[in-house]
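Student: need coordinates for the following:
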Amino acid sequence: MAAIKSFEGRFFVNQAQRAQLEEKSDAFVAKQIVDYILAVVEVLLAFRFILEIFKVGQYSFMGFIYSLTNPLMMPFTSAFNQTATSGIWVSLIAAAVYSLVAWGIIRMIKGYASKTFDRF
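Tutor: Here you go, the predicted structure:
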């Protein structure tokens, strides 16, 4: 930013630039929140995928993972017939779709942030 002037280690920013920096930080925080939520969902679905591969029963920890991921996988369970390998494919498809949705949300956040910067 060319308009930022340094004087003895201090930075002076006008009001328009301060608004830009604040909106950029809001967009950055929103992106971080989406990334964090996606990471949690992906880790849970990865655990589910691994448990499905090894055909682990629904015992304490495994039952907890299954109960957490069932609502995440519910929209995708009707895509496959109930077979022995359907859970594996459903968890992979769910992970891919949730990644695409998060990518789209992040692109919208970046688009909104770049449009607000163009105003100043």
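
Student: apart from its neighbours in sequence, what residue is nearest residue 49?
Tutor: Using CB to CB, 6 or more residues apart in numbering and skipping residues adjacent in sequence, the residue nearest residue 49 is residue 91, 4.4 Å away. Where C-beta positions appear, they are placed from N, C-alpha and C, glycine not excepted.

Student: what strand or helix carries that neighbour?
Tutor: helix 86-118 (DSSP states H and E).

Student: tell me the buried residues in that helix?
Tutor: Residues of helix 86-118 classed as buried: 87-88, 90-91, 93-95, 98, 102, 105-106, 109, 113 (neighbour count, 16 or more other CB atoms under 10 Å).

Student: now it: average pLDDT?
Tutor: Within the predicted structure, the mean pLDDT of helix 86-118 is 84.

Student: list the helices and strands that helix packs on?
Tutor: Contacts defined by 3 or more CB pairs under 8 Å, 6 or more residues apart in numbering; DSSP states H and E place helix 86-118 against helix 15-53, helix 60-73.

Student: what's the angle from the last one to helix 86-118?
Tutor: Here helix 60-73 runs at an angle of 60 degrees relative to helix 86-118 (axes from the mean of the first three to the mean of the last three CA atoms, to 10 degrees).

Student: which helices and strands does helix 60-73 pack with?
Tutor: With contacts taken as 3+ CB pairs under 8 Å, 6+ apart, helix 60-73 sits against helix 15-53, helix 86-118.

Student: how many residues are close by residue 51?
Tutor: Residue 51 has 21 neighbouring residues, counting by other CB atoms under 10 Å.

Student: how far away is it from residue 86?
Tutor: Residue 51 sits 14 Å away from residue 86, taking CB to CB, to the nearest Å as the criterion.

Student: now swap in residue 63 and tell me
Tutor: Between residue 63 and residue 86 the distance is 19 Å, computed by CB to CB.
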